[in-house]
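Trainee: Just a sequence and a predicted model for now, questions to come.
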Amino acid sequence: MDMQVTQASAKAAFLAANLKAGEHYAGLLLGKDGEPDQHLVVIAVKDGEANWSKQTKWAKSVGGELPTRRELNLLRANLRELFKSDWYWSSESHASDSSCAWYQYFSDGTQDYDHKSAALRAVAVRRINLGE
């Protein structure tokens with residue numbers, strides 16, 4: 001029981017120190033290929049649809065970035081209630097066609113890609129590297 005209380009206290013202290021009003025803690029994303037582990041925080045979810053470029057600019061305007069494909073999976077797993085059952089842009093362009101970018105459908109978790117001119121929803125996230 002003491003360990004649960006300690007963990008709950010540590011989590012509450014972490015959230016109080018690192019979340020701003022209106023933000024949501026999404027969880028820990030393990031680093032790959034030498035990248036650091038990161039805590040993921042949702043800054044804002046945009047209700048309207050727009051093309052990839054506009055959504056990327058919007059995310060930056062609120063102090064964040066569009067999430068990666070892995071991050072979108074974490075958001076769906078831990079904060080699905082924040083999202084409509086709709087398509088949300090990722091920050092990742094398609095490797096073989098830079099005119100396309102990846103997105104995720106929050107109803108079933110499907111990921112696919114489309115032309116960056118398509119109008120989809122967006123979420124702005126920020127990352128906290130472990131050890132910061």
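Mentor: Thanks, I have it.
Trainee: all contacts plus neighbour counts: C-alpha atoms, from now on.
Mentor: Noted.
Trainee: just checking, residue 86 touches residue 107?
Mentor: Yes. Judged on CA atoms under 8 Å, residue 86 makes contact with residue 107 at a distance of 6.6 Å.
Trainee: Need the single longest helix in this protein, by residues.
Mentor: When the chain is parsed with DSSP state H, its longest helix is helix 2-18.
Trainee: So what touches it?
Mentor: residue 25 (CA atoms under 8 Å, 6 or more residues apart in numbering).
Trainee: which element follows it toward the C-terminus?
Mentor: Downstream of helix 2-18, the next assigned helix or strand under DSSP states H and E is strand 24-29.
Trainee: mind listing what that following strand pairs with, with the direction of each?
Mentor: Using DSSP bridges, strand 24-29 pairs in its sheet with strand 38-50 (antiparallel).
Trainee: so how far is the partner strand off the chain centroid?
Mentor: Centroid separation for strand 38-50 versus its chain: 6 Å, with CA atoms, centre = their mean, to the nearest Å.
Trainee: Now the element after it, going C-ward?
Mentor: Downstream of strand 38-50 (by DSSP H and E), the next one is helix 52-61.
Trainee: Quick check: residue 74 is in a strand.
Mentor: No. Residue 74: not assigned to a strand; according to DSSP: H, G, I helix; E, B strand; the rest coil it is helix.
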